[in-house]
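Colleague: make a model of this:
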Amino acid sequence: MLCLTICIKNILELKNGSRVILSFGLIVGAYLFLNEFGTLLEYYRVRMYAENTGLPKELAPKFNYFDAFNFLIKPFILTAKNDLQIIQSCENILLFFPLLMIVYIRIINKQFWSYCYLEFMLLSSCIIYSYVVFNYGTLTRYKFPFIVCYVVMNLIQLDIKSKTTKLKIT
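Modeller: Just a heads-up that it's a prediction; the model follows:
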């Protein structure tokens, strides 16, 4: 995942003609990879659901790409079933706003596309883990390393840019 993120960062730094060719190659390669291993991933995802929940594998939920956002913000306050899930939902709300603020600052400073590889890293890791994990507690434990890496890398990029140019942070 990290190697793919570095490849995207390097592609974004290339000139326009090379960027288009390498981006097209990356998209085709990702499609072929997912097409080849998609059925194998689905097989193990359903088996993991059956093992973790004890329910028959026919009851495994269908995957949706919006589940990547669920990785960041679930469990919701209204769907929490116990006190720990309420605490987790409050944590998620408190973590979600700084992430939005970082993206907002980068949009104001017109740096969004320059560092979109960081969003790719966060969203792709969210998609992968939301694909195979069905337990809210496990999702909460898995999400923190990705969020910490994302925030630290963004703050480093903002700090580097603020030393070279004047940034609007407010």
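
Colleague: residue 134 in helix, strand or coil?
Modeller: Here residue 134 is recorded as coil under DSSP: H, G, I helix; E, B strand; the rest coil.

Colleague: quick one, phi/psi of it?
Modeller: When read as degrees, to the nearest 10, the backbone of residue 134 gives phi -120, psi -10.

Colleague: for it, grab the count of nearby residues.
Modeller: 15 (other C-beta atoms under 10 Å). For every residue, glycine as well, the C-beta is placed using N, CA and C.

Colleague: also residue 129?
Modeller: Counted with other C-beta under 10 Å, residue 129 comes out at 17.

Colleague: from here on, count from 53
Modeller: In the new numbering, first residue 53, that becomes residue 181.

Colleague: I figured it hits residue 123, correct?
Modeller: Yes - between residue 181 and residue 123 there is a contact at 5.8 Å, judged by C-beta atoms under 8 Å.

Colleague: identify the contacts common to the two.
Modeller: Shared contacts of residue 181 and residue 123 (C-beta atoms under 8 Å, 6 or more residues apart in numbering): 191, 195.

Colleague: show me which residues of stretch 145-161 are buried.
Modeller: 151, 154, 157, 158, 161 (16 or more other C-beta atoms under 10 Å).

Colleague: just the helices in this protein please.
Modeller: 54-64, 68-105, 119-125, 135-160, 168-184, 188-216 (DSSP state H).

Colleague: what does stretch 123-137 rub up against?
Modeller: Residues outside stretch 123-137 that contact it (C-beta under 8 Å, 6+ apart) are 138, 140-142, 144-145, 147-148, 151, 178-179, 181-182, 185, 188-189, 191, 195, 199.

Colleague: whichever of these end up buried, select them in ChimeraX.
Modeller: Filtering the contacts of stretch 123-137 down to the buried ones (16+ other C-beta under 10 Å) takes a single ChimeraX command:
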select :140,141,144,151,178,179,181,182,185,188,191,195,199
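
Colleague: one step back: can you flag the weakest of the helices of the chain by average pLDDT?
Modeller: Here the helices of the chain differ in mean pLDDT, and the lowest is helix 54-64 at a mean of 65.

Colleague: check which residues of stretch 90-109 are buried.
Modeller: Buried residues in stretch 90-109 (16+ other C-beta under 10 Å): 97, 98, 100, 101.

Colleague: break this protein into its domains for me.
Modeller: Listed domain ranges for the chain are 53-114, 115-222 (source: automatic domain parsing).

Colleague: quick one: the most centrally placed residue in the chain from residue 119, how far?
Modeller: Nearest to the geometric centre of the chain sits residue 175, at 2.2 Å (C-alpha atoms, centre = their mean). Residue 175 sits 11 Å away from residue 119, going by C-beta to C-beta, to the nearest Å.
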